Structures are given as C-alpha cells and as structure tokens.
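Engineer: with the sequence up front, the predicted model follows.
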Amino acid sequence: MSVIQQILNHRSIRKYKPDPIPEDLLHEILQAGIRTSSSGNMQTYSIIVTRDQHLREKLLKPHMGQKMVVDAPVFLTFCADFNRMRRWLKINDAADNFDNFFSFLIGSIDAILVSQTVALAAESHGLGLCFLGSTLANADAIGKILGLPKNVVPVAGFSLGYPDEQPDLRDRLPFSGLVHWETYSNYSDLEIQDIYSERDNKGWQRYMKSKWLREQDGVKGIENLAQLYTEVKYTRSSHQDYSRKLLTYLENQEFMINEGD
C-alpha cells in the first residue's frame, strides 16, 4: 500500500487484540518519529511509552474512562518538553529564554508533529491507534501519573495495538471547504451549509445510535448536530474549566513565568 493510500484508509481503532507489540517494531516506529522536523531542530518533546497494565489503569480516569487506554497493549503520550533543553542551557551558562507560553506552543507543535509520524509508521506495519483529546484536557492529572517534571506537559496521546475491528471510514469535510488558494476566502452562509451538509446528516445519524449520548445530560430538546456539539459534547463551561486548569498547570510547570520574575 502506498503512503497516500494508507493515509486515505485511516480509521480510529477502539478495539484491540491482546497481542503485544514486538520490542523491535516499537523501537522502529518510535525511531521514525524522531526523524520528524522540529523547530530549530531543538526536538522539544518527549514520548512516554506506557505498557504497564497498572499504570494504564491509573491513566483510565483522566482519559475519561475510554477503554482503549487499558485494552490496547501500549499507550503513547507525546509531551512538550523544555526540561531537557533548559537544563542543557544551564550546564553551558547560556540564557534561559524558554520559560514562557510561546515556548509551550513550540514544544506542543514539535510533539504533535512527532505523534503523527509515529502514527503513520505504526499503521504501515498493520497497527491501529486512536488519538485521545483527553491528553490535553487533563494534562495535569496525566502529568502527575507519568511523573513529569517542570517544563514538561502532555499534549497528545494515543492507544496502540493490533486492531480487532474494521470500522467504516468516517466522513471528512469536503476539500473545497478546507483548502484556500493564495489567500483565505471567507464563506457565505450557503457555502457553510453546503460544507457541513454531509456531516450534519451522517454525524447526527451516528450519534442517534450512540449509547453514550443517551446517557448524557442535556440531550432533551437537541435538534441538530451543531446543538449536540455545544450543548452536550463541547459545552462552554467544560471548555472554560479545561482552559483555566491548563493555564494553571502551565504556570506550575514553569511555562508562564511573568516578565521580571
């Protein structure tokens, strides 16, 4: 299979066989990730490989009970990491310029780029994975479980193992709604409706079959997918809470040092 065909066939895998991933294969896909481009070639990321069942069971709660964390044989956590860089600077009597929010963004981009390379390498060997947004949402609790020092923050993570399912391909927004040529072309309301027409239909049908949805508060009165997103799945209060929690954690991890401190 070509790389392009592999990418086009990507599916998030939530059910896994119990088979362990061979050590040499795990090293190979992680080594592929390390070849990823990074800002200034600083490689301001770290990858935490969690295979221990007890540790993965601890990670289950901050990952919002998503069973892939314990059902897959491996969980990978990709962290923005300036701990290593800052210590190297100190050893060499160099200025420490990376105790700020912009540095966190640099490290996050590095880590996320690496995570995608590792994902592609893993899928090329028949492995399956599922990214979990709870990695950033509950970065503080995950960081505590994984023993992350100052200046290290988890930003992306996925379960990894041999697939025990072959789910249907999920819909994607159309090419014309995502790609802009030369400069950004803003949308009319009619164009927005057209871009989201398939998602409105297929996404709504999928959630209507979901046991998870039936168990959520606020479902009554929901009439469309957009309302479901904002009233049930991604509420204003939850995003505000996650934002405050993350900013506090960034400060604790020394990514938010005020000017003059």
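Structural biologist: Thanks, I have the structure now.
Engineer: use CA for all of it now, contacts and neighbours both
Structural biologist: Noted.
Engineer: the one helix or strand Q116 maps to - what's its average pLDDT?
Structural biologist: Element membership for Q116 (DSSP states H and E) is helix 101-124. With pLDDT averaged residue by residue, helix 101-124 scores 98.
Engineer: give me the contacts around it.
Structural biologist: 3, 6-7, 29-30, 32-34, 36-39, 43-46, 78-82, 128-129, 155-157, 250, 255-256 (CA atoms under 8 Å, 6 or more residues apart in numbering).
Engineer: ok, now with 6 Å
Structural biologist: 29-30, 33, 36, 38, 44-45, 78-81, 255-256 (CA atoms under 6 Å, 6 or more residues apart in numbering).
Engineer: list the buried residues of it.
Structural biologist: 101, 103-104, 106-115, 117-124 (16 or more other CA atoms under 10 Å).
Engineer: for the most centrally placed residue in the chain, grab phi and psi.
Structural biologist: For the chain, the residue nearest the mean C-alpha position is A156 (3.4 Å; CA atoms, centre = their mean). Dihedral pair for A156: phi -150, psi 150, per degrees, to the nearest 10.
Engineer: quick one, what contacts it?
Structural biologist: A156 neighbours (CA under 6 Å, 6+ apart): 77-78, 135.
Engineer: of the residues you listed, select the buried ones using a PyMOL command.
Structural biologist: The command below creates a PyMOL selection of those among the contacts of A156 that count as buried (16+ other CA under 10 Å):
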select buried, resi 77+78+135
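Engineer: with secondary structure as added columns, please give the contacts of A156 in TSV.
Structural biologist: Converted to TSV, these look like this (DSSP: H, G, I helix; E, B strand; the rest coil):
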residue	secondary structure
T77	strand
F78	strand
T135	helix
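Engineer: so the chain: which segments form each domain?
Structural biologist: If you go by automatic domain parsing, the domain ranges for the chain are 3-167, 175-239.
Engineer: where's I13 relative to A72, distance?
Structural biologist: 10 Å (CA to CA, to the nearest Å).
Engineer: who's more crowded, those two?
Structural biologist: Legend: neighbour count by other CA atoms under 10 Å for I13 and A72, higher for A72 (29 against 23).
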